[in-house]
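Undergrad: kindly return the folded structure for what I paste below:
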Amino acid sequence: MDNNDVKTKKKGGGALQVMLIIIIILLAGQSYFLFSRLTTDYERRGGGYDADTPASVAEQPSSDAEIEAMGWISPDVLKRYAEEYNVNTEFLSRIFRDKIIYKQGGMILYEDINPNLQKHPYDWDSLWWDERRPYYESADSDAETAGEPVNALFGIDVSRYQGDVNWAMAAADGVEFAIVRMGYRGYDTGKLVTDEFFDANMQGALSAGLRVGVYFFSQAVNETEAVEEAEMVLSGIAPYNVSLPVTFDIEEISGQNARTDALTPDEVTNIAIAFCERISQGGYTPMIYANPKWFVSRMNLERLEPYAKWLAQYYKTPAYPYAFSVWQFSSTGSVAGIKGNVDLDLAFERF
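TA: Numbers count the residues shown, from 1 in each chain. Prediction:
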């Protein structure tokens with residue numbers, strides 16, 4: 001999740017303080033002017049920079065020089081401004097609609113959309129928010145029988161970090177499904193650990209009438225370890241009615257050195273496939289969790305086409321073009337029956 005808020009406190013007096021105030025006002029004015037231009041340019045281009053956008057003025061400029069001469073901002077200049085002002089990727093994704101945008105190592109990266117990958121079928125005009133959460137409601141009453149996306153289910157994913165959950169209260173607050181962490185592998189030790197709240201969460205969620213899936217936080221460094229993780233999950237979920245997918249979760253360990261840091265995209269992909277295939281052999285639907293950065297830069301998505309995807313992207317509207325089944329839209333949500341933050345999700349497929 002991008003966090004571009006900067007809070008600065010300055011102390012001083014006299015002429016220095018006045019000068020600082022003037023500088024701040026000038027910088028604020030410069031930023032306002034910049035983003036006004038960006039917004040105007042965005043609207044002039046019919047909503048974004050991509051090859052299919054029709055010209056909304058008499059003539060579409062064909063070069064950066066012509067763009068600048070017309071008072072527009074060229075894509076390359078806009079990217080430089082974005083880097084300088086640390087513009088958040090959600091804003092940029094509305095402009096560069098033919099790119100997948102993410103940050104890495106302090107840089108903003110623009111990934112071309114792969115035309116060979118299956119795209120999602122969702123119409124984001126059907127997505128709306130209240131003060132707390134989004135809703136996806138299909139405008140087509142025949143959508144379900146036609147096999148198209150229907151009203152999305154609202155759910156949460158939980159682990160020991162949520163502590164004791166009052167599942168009856170969560171269900172009464174609109175929660176329709178839960179994805180429960182079954183366990184994890186230590187990112188430094190490699191030890192396999194069962195989540196201490198796994199059984200309580202499974203029993204509580206099922207007793208409250210929720211549909212339930214599970215996930216495993218992987219730190220496997222080879223296919224053998226991935227199968228070992230899958231075997232652990234299959235053993236742990238055997239007593240329960242798991243009707244939603246069993247998810248492979250591998251991600252960056254922020255601020256720490258993890259045993260998976262040196263894995264190549266092909267190695268990560270091999271590990272994910274090994275886990276998913278063993279889960280499939282066990283009679284369950286496998287799914288892969290990641291954010292856009294991991295999906296496009298740390299995995300080979302063409303090889304992972306057969307598996308459902310769980311997208312983590314904390315935007316008001318997803319800006320990810322490829323097929324996915326579940327959207328984790330917040331890591332700081334709240335529902336009745338849980339103290340503190342909880343991850344919130346929409347499931348677009350019934351499975």
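Undergrad: quick one: contacts for Ile273?
TA: Ile273 is in contact with Arg303, Leu304, counting by CB atoms under 8 Å, 6 or more residues apart in numbering. The C-beta positions use only the backbone N, C-alpha and C, and glycine is treated the same way.
Undergrad: Asp125: how many residues sit nearby?
TA: Neighbours of Asp125 under the rule other CB atoms under 10 Å: 8.
Undergrad: so it, which state does it fall into?
TA: Counting by DSSP: H, G, I helix; E, B strand; the rest coil, the backbone at Asp125 sits in helix.
Undergrad: show the pLDDT at it.
TA: Confidence at Asp125, expressed as pLDDT, is 93.
Undergrad: what does the one 3 residues further on give?
TA: Confidence at Trp128, expressed as pLDDT, is 95.
Undergrad: from Ile288, how far off is Gly308?
TA: I think there's a mix-up here, since residue 308 is Ala and not Gly. According to CB to CB, to the nearest Å, Ala308 and Ile288 sit 7 Å apart.
Undergrad: these two: which is more packed in?
TA: Taking neighbours as other CB under 10 Å, Ala308 and Ile288 compare with Ile288 leading, 26 against 20.
Undergrad: doesn't Lys309 make contact with the more buried one?
TA: Yes. Using CB atoms under 8 Å, Ile288 makes contact with Lys309 at a distance of 5.7 Å.
Undergrad: low-scoring stretches of the stretch 201-350 of the chain, by residue?
TA: Nowhere does the stretch 201-350 of the chain drop to pLDDT under 70.
Undergrad: all helices of it, in order?
TA: 223-237, 265-281, 292-297 (DSSP state H, counting those that start in this stretch).
Undergrad: adding distance to Ser325, write those helices out as CSV.
TA: CSV is the format used below for these (distance: least, CB to CB, whole Å):
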stretch, distance to Ser325
helix 223-237, 19
helix 265-281, 14
helix 292-297, 13
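Undergrad: so which of these gets nearest Glu349?
TA: helix 265-281 (16.2 Å; CB to CB).
Undergrad: per the record, what domains does the chain have?
TA: 14-112, 124-347 (automatic domain parsing).
Undergrad: please identify the most buried of these.
TA: domain 124-347 (a mean of 18; mean count of other CB atoms under 10 Å).
Undergrad: need the distance between the two termini of that domain.
TA: Domain 124-347 has its terminal residues 14 Å apart, counting by CA to CA, to the nearest Å.
Undergrad: next: stretch 344-351.
TA: End-to-end distance (CA to CA), stretch 344-351: 18 Å.
Undergrad: what of stretch 342-351?
TA: End to end - CA to CA - stretch 342-351 spans 23 Å.
Undergrad: neighbouring contacts of that stretch?
TA: Taking CB under 8 Å, 6+ apart as the rule, stretch 342-351 contacts 122, 133-134, 136, 149-150, 152-158, 162, 176-177, 179, 243-245, 285, 308, 310, 324-331, 333-335.
Undergrad: could you find the closest non-adjacent residue to Arg181?
TA: Excluding the flanking residues, the one nearest Arg181 by CB to CB, 6 or more residues apart in numbering is Ser159, at 3.7 Å.
Undergrad: downstream of the strand or helix carrying Ile108, the next helix or strand is which one?
TA: Per DSSP states H and E, Ile108 falls inside strand 107-112. Proceeding N to C from strand 107-112, the next assigned helix or strand is strand 127-129, under DSSP H and E.
Undergrad: just to revisit the earlier point, packing partners of the strand holding Ile108?
TA: Packing contacts for strand 107-112, counted by 3 or more CB pairs under 8 Å, 6 or more residues apart in numbering; DSSP states H and E, involve helix 75-85, strand 99-104, helix 292-297.
Undergrad: nearest to Arg303, of the helices of the stretch 201-350 of the chain?
TA: Per CB to CB, nearest to Arg303 of the helices of the stretch 201-350 of the chain: helix 265-281, 5.2 Å.
Undergrad: let me know the angle separating the closest one from helix 223-237.
TA: 30 degrees (axes from the mean of the first three to the mean of the last three CA atoms, to 10 degrees).
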